[in-house]
Every structure is written in structure tokens, then in C-alpha cells.
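In: quick one: sequence and predicted model below, then my questions.
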Amino acid sequence: MSDGWSEPISPALMAAGLLCVILPWANRENPWIRATLVTFALLMTWNYLLWRFTTLPRFGSVDGLFGIAFLGAELLTAIGGTITWILLTRSSSRSATVVANMDWVSQTGPLVDILVCTYNEEWAILERTIIGAMRIKYPNFRVWVLDDGRRNWLRDLCAQKGCHYLTRPDNFHAKAGNINHALGHLAALSSPPDFIVILDADFVPFSDFVSRTLSLFKDPVVGIVQTPQHFFNPDPIQSNLTISEVFPDEQRFFFDIIMPAKDAWGIAFCCGTSSMIRFSALREIGGFPTDSVTEDFLLTVRLRERGYTTVYLNEKLSVGLAPEGIKEYTVQRTRWCQGLIQICRGRSGPFRFGNGLPLPLRINLIETFLFWAASFLFRLCCMLAPALFFLFDIRMVQASLPDAVAHFAPMMISQIAVTTWLGGGRMLPLISDVYQMLIAPEIVRVVSFTLVRPYGHKFNVTAKGIHHAGRNVQWRLLFRFLALAAITILGLVKIFAFDHSDLVEDGGALNVFWAWYNLIVLTICCLVCIEQPRRRLDERFATDEKAIVRIGDEVRLCEVTDISASGMRLAGAIADPVGSPANVIMGDFESPAVLARKGDNEFALSLIGQEAREAMTRRVYSERYGRPIDQISASQVFAGILQRLAQ
């Protein structure tokens, strides 16, 4: 290492060395250790941010205007991030309380109504949800399907499965209005419920969902129990990059790390589906609030104003569908963003006093607001800054590369290392940047419009059940990323081929490295825009189970390679013709079947009969399959992306 670089690189090396020594031995469950490491990361962060004030261009110039705007977005993002870091110094687990309260559940046995909310989902999606809900292991519950689509076939399906069916003449206030219509009906019954469960149409509850969530209501101030959302299908980024086997879905860090931390501070919130709510508390506030499209988050706020808390039970008790395409992913995230901005602009906002909100919940709302309002804007600024520098000589950051390395590298190393340690390896910064860039312009637009005009926007439902046999290119998004990549490459060509002066001036070398990182992010974004074929409706899960199979007079023990609600694929050669009757036994499951197809060293069985399909549906959509990825292998993620790039 040359003498010129020894001084700027030494802070980063010291930070990396210190963390390498401490983190492997640090106990993640110890709040003091968590607080110490978070404090270290925050010191590195704010040391960098204080230095950033010295990098502002001259005031009164075009550079100065852009530089101040960029630093403003960065500071707001850092403030929101600092709040998140402080929250992460604690974490909670309520599983022990669940076990301790089980006697209370069995002694009281309150009535629970399970509400399945649906608008336009198809038969196969709703059938498995109803099957799961009807097989809940709890003695006193009812299942209600709330159909906002007014579909006769769904009414018939409910009658066939033995559950209740409710509809209404309009779609006023969308999902919140649908639930409120049902609440009025339930309240008028001779036996109104004590608690209700909210399930989206695609979320299948496990058999112990009711008993385990109900146990936490022994505390009379608990108004909502929220459980995590797990998914049995890859999200569009996992699917389109072919990394679903080595990279967890985006929501894992939030539900496994962020929400337990918020719960430890008493600021967990309702996320809609897979939650249980105290019926009397809900009636006390007049039902679900309708002045935000994220009625679930606002429900927590309104109940907190009345003294009821929301608690979080971090146990996998249901599985559902993640957004299956980029459009669906964008619709879902922009709706969340819009709803949060509406809450902050409304009477329950964090800056409105006299609404009964405690300080921690106000801070929580500010943190979430800054996430949507600042971090996506900052991501866009980071993407544009190098190109603006090279093409138009706009210098948002006035700093040499050694000076930037001395301040930025220790912050980045400490943030990545401590976040990875806190999250148990559930995130990868590069892929997180890809997730943000995919929707950044839409989020910035929604924030701007909703701040100016918070109400009067259409409620957009996240479509479920999409499928396509071939590749599907999202051309509008692809052109966006290609355009951003083109102007970045044009800037690099300009300085390398025509104008070398920028390479030796302040900011030149820094922007070169910045531009190359942006190109990597944009390349991955382009790959995500080319959507891969998706198998839908009858999801298959890899398994290592064994099954006893009888075909004709032959009985054999076979390895099952994958399984679905309608059948399974097994290893081994078979001589019987396709269409031969069979019988299959897997543990306590037994069903007649038929030989559906066969290959050189494999064959497939299709189950026969509705009863068998329902039994297999309950077996498949349970904790047995779709286990989340707990830790990322970065090398495998990059290998998957490179393989995808080569296709």
C-alpha cells in the first residue's frame, strides 16, 4: 500500500478488524451488547455525516443548490435510519407467554370469528384458504368469507365447505368497508364474537393459529396480536434473478428483525392479514378506520389512542402469496406508502398533539414516514449524481477519493457488519438497493401527490394468481433502467475518452467508483424486468420425505422429490403404464392415486378425490414446507445472478 493511501484507508481497516474480532463472539440476545454495537455504528455514521457538511459546493451556485438538496435527502434518510438503529437495540419474544397462557385459553374458550377478505381472487386461491381456516384446532370458532366481488360461485364454494358467506351491495371504502360491513352483521347476531381474525384471501392459517394468538389476550389491554407474514412463493426479485433458494424474501428482515424490535419498545403495529383483534375494542372505535388505505396500521394508532396495545407474536402461523410480478409488487408498496402519508397528514399524525399518542408511537410514525419520504428519494439522487457530474459538471459532493474513503468506508463497513449481525444474515445491501430502485420513482411520486392531496386516490388491489408460461418483459421499467445506465455510461465515456481533467479534480475519481456501482445495480434491475415463467395455482415444494406406494401387486418405499396439493413426484423407475391405479401413504396421510406420468428414473402420482386433495392441502400449506431462508450465502446469490446474466 502506497504512503498516500495508508492514512485514508486505516479507519476502515481498524473498524473492520474490530468488528471481525467482536461479532463472532457477540450474543445477539444481550441488549447491552446490541446497544454497544449499534452505538459504534451510529458514531461511524454521524462522523461521516458531519464530514459531509464540509463537502458542500459553493453556496449560491447551481452546484450548491443540488448539493444542499442531496445532503438534505441524505440527512433525512440518516435520521430515519438512526431511529431504526436505536429500535434494534432491543428485541422481544412472546412464545414463552403463549405457553404460560394456554390454560387460560382452554378455560375461557371465547368465540373467535375468522374473516377471509376477498375481492377478485380465483377459486384455487380461496379454496385452500377456506380449507385451512375450516381445519383450525380450536373448539369455538366460525369462518366467514367476505366477498367484495359478489360472486355466485364463491357463495356455492362456501356452502360446499361449510363456512359462512357475506357480501354487500357496493365496494365503499374497499377492504376496510368490507370488514366494517361484516362487523355490523356479527354485532347483530345472538352470539357476537369475542375476537376476530383477519385473513387475506391468499393466506392459509395453520391449525394452531387461533389458540396461540388468542393466548396473548389474557392481558386485557391487548387489542391486537399480529403474526408475521410468510410466503410459499418467491417474490418477483427472487424469481426473476433465480435466487429464491439462496436469498430470503424482502419481508423476512422486517418481520423477523424489525417487528420484534418494535414490539420490545411497545410500538408493534397491525399489518392486516394474519392478525387477531379484540372485538369489543374494535366496536369501541367504530370499526376499522377508513381515512387511510393502510387501515391496518391506522387501526393500531386509533386503538392506542384508547389505551389498547398491539403486540407481535413472531411465530410462523400462516403462509400466503408474495406479489408475483413487478407491477403487483409496485402496486402493493405504493399503497403502503400512500396510506402511511395519509396517516401522518391526518388527525392521528405524529405532529398533532392532543390525539393521545404516546411519544414512542409518534417516533415510530416519524421513522416510517422518513423511510418512504426520504430514503427512496435519496436512492434516486445517488443514481443520478455521477452522471450529472460527468455530463453537466454538477458537483453535488466536493471531495477527493481518499477523503471520501476515510469517512465513508468506516460507516459502510460498520453498518453492513452490524446490520448483518443483528439480522442473522438476512439481508444483502446490494440487493436491498435493487429492491428500492425498482419502485423509487413511483414512491417519490406517491409521496409528493399524497402530501399535497392526501385523499381522493383510488384503492388499488394487489392482484394475486398471475401466471405466464414464457418470459414476460416489463418494457417500461426496462427502458427506464437502460436509460439511466446509458447516461451513466455516456458520462464515463466522456471522461475516459474526451476529457481526463475530471479524473484528477476533486470528486472525479469518487464519481467513477460511484458510477460503476450504479451500473451494477442497474444491470440487476434490468434482469428483474425480464420476468421468468411462473408455475401458479398448484405450487410445488421440494421435499425429502418418503412414501409407501402400491401400484398393482407391488409395494415400494419411494423418495418424494416434490409435492403439491394435487400430487407428488417420486424417484425411481416404474414399469406400469400411465393411468394405472395406485395407493400412497405418507405418515398419517393415505390416499388413492393414479400414475400420471413417468420418466427414466422418476414418476408422478395424482391424488384422487376431493377429500384427498383437502387433506394434502392442509399438509402442504403448513410448517412442513416453505421454510424461510435464515441466512444468505452472498457467493451463491452472485453466482445465481451471473448465471441469470449468461442466459
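Out: The structure has been received and is ready for your questions.

In: excluding its backbone neighbours, what's nearest residue 109?
Out: residue 140 (5.0 Å; Cβ to Cβ, 6 or more residues apart in numbering). Where you see a C-beta, it was placed from the backbone N, CA and C, and this is true even at glycine.

In: neighbours around the one you found, how many?
Out: Here the number of neighbours of residue 140 (other Cβ atoms under 10 Å) works out to 13.

In: likewise residue 565?
Out: There are 24 residues near residue 565, going by other Cβ under 10 Å.

In: these two touch, right, it and residue 617?
Out: Yes. Using Cβ atoms under 8 Å, residue 565 is in contact with residue 617, at 4.4 Å.

In: phi, psi of the residue nearest the centre of the chain?
Out: In the chain, the C-alpha nearest the mean C-alpha coordinate belongs to residue 251, at 2.4 Å (Cα atoms, centre = their mean). Dihedral angles of residue 251 (phi, psi; degrees, to the nearest 10) stand at phi -80, psi -10.

In: avg pLDDT for stretch 544-553?
Out: The average pLDDT for stretch 544-553 rounds to 91.

In: equivalent analysis for stretch 180-191, please.
Out: Stretch 180-191 shows a mean pLDDT of 97.

In: coming back round to it: which non-adjacent residue is nearest the residue nearest to the centre of the chain?
Out: In space, residue 251 is closest to residue 229, 6.0 Å off (Cβ to Cβ, 6+ apart).

In: buried sites along stretch 558-568?
Out: 558, 560, 561, 563, 564, 565, 566, 567, 568 (16 or more other Cβ atoms under 10 Å).

In: likewise for stretch 20-39?
Out: Buried-residue list, stretch 20-39, by 16+ other Cβ under 10 Å: 22, 26, 33, 34, 37, 38.

In: alpha carbons of it, as CSV, please.
Out: What follows is stretch 20-39, C-alpha atoms only, in CSV (Å, rounded to 0.1, in the frame of the first residue of the first chain):
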residue,chain,number,x,y,z
CYS,A,20,-14.2,-9.2,13.0
VAL,A,21,-12.9,-9.8,16.5
ILE,A,22,-16.1,-8.9,18.3
LEU,A,23,-19.1,-10.0,16.2
PRO,A,24,-18.4,-13.8,16.0
TRP,A,25,-18.5,-13.9,19.8
ALA,A,26,-21.2,-11.4,20.5
ASN,A,27,-24.5,-12.5,21.9
ARG,A,28,-27.3,-11.1,19.8
GLU,A,29,-29.9,-11.6,22.6
ASN,A,30,-28.0,-9.4,25.1
PRO,A,31,-29.4,-5.9,24.9
TRP,A,32,-26.3,-4.3,26.3
ILE,A,33,-24.2,-5.9,23.5
ARG,A,34,-26.7,-4.9,20.9
ALA,A,35,-26.7,-1.3,22.2
THR,A,36,-22.9,-1.1,22.3
LEU,A,37,-22.6,-2.3,18.7
VAL,A,38,-25.4,-0.1,17.5
THR,A,39,-23.7,2.9,19.2
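
In: of the buried residues of stretch 20-39, which is the nearest to residue 81?
Out: residue 38 (11.2 Å; Cβ to Cβ).

In: so for the host helix or strand of the closest one, mean pLDDT?
Out: Per DSSP states H and E, residue 38 falls inside helix 31-52. Confidence for helix 31-52, expressed as mean pLDDT, is 95.

In: that older thread, if I look at the residue nearest to residue 251, how far off is residue 320?
Out: 6 Å (Cβ to Cβ, to the nearest Å).

In: quick revisit: for the very next helix or strand once past the helix holding residue 38, which positions count as buried?
Out: The first helix or strand that comes after helix 31-52 along the chain, using DSSP H and E, is helix 62-87. Residues of helix 62-87 classed as buried: 63-64, 66-67, 70-71, 73-74, 76-78, 80-87 (neighbour count, 16+ other Cβ under 10 Å).

In: now stretch 326-339
Out: 326-339.

In: strands along the stretch 251-400 of the chain, start to end?
Out: Here the stretch 251-400 of the chain has its strands, by DSSP state E, counting those that start in this stretch, at 275-278, 309-312, 318-320.

In: whoops, I mixed them up, the stretch 101-250 of the chain
Out: Here the stretch 101-250 of the chain has its strands, by DSSP E, counting those that start in this stretch, at 112-118, 141-147, 164-167, 195-200, 204-205, 222-226, 230-231.

In: summarise which helices and strands the second one is packed against.
Out: If contacts are counted by 3 or more Cβ pairs under 8 Å, 6 or more residues apart in numbering; DSSP states H and E, strand 141-147 sits against strand 112-118, helix 123-134, helix 152-161, strand 164-167, helix 174-187.

In: got a list of what the closest residue to residue 284 other than its chain neighbours touches?
Out: Among residues not flanking residue 284 along the chain, residue 306 sits closest, at 6.2 Å (Cβ to Cβ, 6+ apart). Shown in contact with residue 306 (Cβ atoms under 8 Å, 6 or more residues apart in numbering): 223, 281, 284, 285, 356.

In: from residue 284, how far out is the closest residue to the last one other than its chain neighbours?
Out: Excluding its sequence neighbours, the residue lying closest to residue 356 (Cβ to Cβ, 6+ apart) is residue 305, at 4.0 Å. The span separating residue 305 from residue 284 equals 11 Å under the rule Cβ to Cβ.

In: can you check residue 190 too?
Out: Counting by Cβ to Cβ, the gap from residue 190 to residue 284 is 21 Å.

In: of the two, who's got more company?
Out: residue 284 (15 against 4).

In: any idea of the pLDDT on the more buried one?
Out: As predicted, residue 284 sits at a pLDDT of 96.

In: got the contact list for the nearest residue to residue 255 once chain neighbours are set aside?
Out: Distances taken as Cβ to Cβ, 6+ apart place residue 228 nearest to residue 255, at 3.7 Å, with adjacent residues excluded. Residues near residue 228 by Cβ under 8 Å, 6+ apart: 255, 256, 259, 274, 314, 315, 316.

In: most neighbours of all those residues, which one?
Out: residue 274 (28 neighbours).

In: CA atoms only: put stretch 162-181 into CSV for me.
Out: What follows is stretch 162-181, C-alpha atoms only, in CSV (Å, rounded to 0.1, in the frame of the first residue of the first chain):
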residue,chain,number,x,y,z
GLY,A,162,-69.5,-25.4,5.4
CYS,A,163,-68.4,-21.8,6.1
HIS,A,164,-70.5,-18.6,6.2
TYR,A,165,-70.7,-16.2,3.2
LEU,A,166,-71.2,-12.4,3.4
THR,A,167,-71.4,-9.8,0.6
ARG,A,168,-72.6,-6.2,0.3
PRO,A,169,-74.1,-4.1,-2.5
ASP,A,170,-71.1,-1.8,-3.0
ASN,A,171,-67.4,-1.6,-2.5
PHE,A,172,-67.3,1.6,-0.5
HIS,A,173,-64.0,2.1,1.5
ALA,A,174,-62.6,-1.1,-0.1
LYS,A,175,-61.2,-3.6,2.3
ALA,A,176,-61.9,-1.6,5.4
GLY,A,177,-65.5,-1.1,4.3
ASN,A,178,-65.9,-4.8,3.6
ILE,A,179,-64.7,-5.7,7.1
ASN,A,180,-66.9,-3.0,8.7
HIS,A,181,-69.9,-4.3,6.9
